[in-house]
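K.L.:
curious how this folds, go ahead:
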Amino acid sequence: MSEEAVELTPEQIQEQEALRAQWVREHFQKANKFLAEKGVIPTKVHTEESRYLAPYLAVWKMDAKQPKKQTFWVMSGDLPSDYVDVKVAATARDALRHFSMMWQLKAENLHQSGLTQDKTQREFANLLVSRAESLYHMHNDDKLWG
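P.N.:
Below is the predicted model:
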């Protein structure tokens, strides 16, 4: 059985683009809120270096001036929000690899500390591992990075 390409109508294409734009706006707001909760006040987003893979994740490159002038990679989407200094990764793709490794280590530290005896901590550690593996696969998929 062969797969046939399905032609979308202009209306369907427009609807998909509108849904994607809405998702990007929502996750931009989520990233801003996450940073604010950490005491970081974003001042600028580098849209040309940020990447979005709706509905899974967005990786934003953002400047902040408080608590000090700094630039971050900020991740939001269907995963825990997180951020790191831009110095750890040159590109959004490299940032995914960094988050993946960092989350694997966090999950391992939770297991080693014995905290995963608690159901909530165990579920969080498992979520970190699952999302870290997905991030690693996305990082390695050349088709996603053009």
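K.L.:
could you check how many residues crowd around the closest residue to Asp78 other than its chain neighbours?
P.N.:
Once flanking residues are discounted, Asp78 sits nearest to Tyr56: 5.4 Å by Cβ to Cβ, 6 or more residues apart in numbering. The C-beta positions use only the backbone N, C-alpha and C, and glycine is treated the same way. Tyr56 has 14 neighbours, counted by other Cβ atoms under 10 Å.
K.L.:
phi, psi for Tyr56 please.
P.N.:
Note on Tyr56: its backbone torsions stand at phi -100, psi -50 [degrees, to the nearest 10].
K.L.:
same question for Arg20.
P.N.:
Per-residue torsions, Arg20: phi -60, psi -40 (degrees, to the nearest 10).
K.L.:
my guess is it meets Tyr56, correct?
P.N.:
No: in this structure, Arg20 is not within contact of Tyr56 by Cβ atoms under 8 Å, at 11.9 Å.
K.L.:
list the buried residues in stretch 102-120.
P.N.:
Judged by neighbour count using 16 or more other Cβ atoms under 10 Å, the buried positions of stretch 102-120 are Met102, Trp103, Gln104, Lys106, Ala107, Leu110, Thr116.
K.L.:
which of those residues fall in helices?
P.N.:
Using DSSP state H, the members of the buried residues of stretch 102-120 that fall within helices are Met102, Trp103, Gln104, Lys106, Ala107, Leu110.
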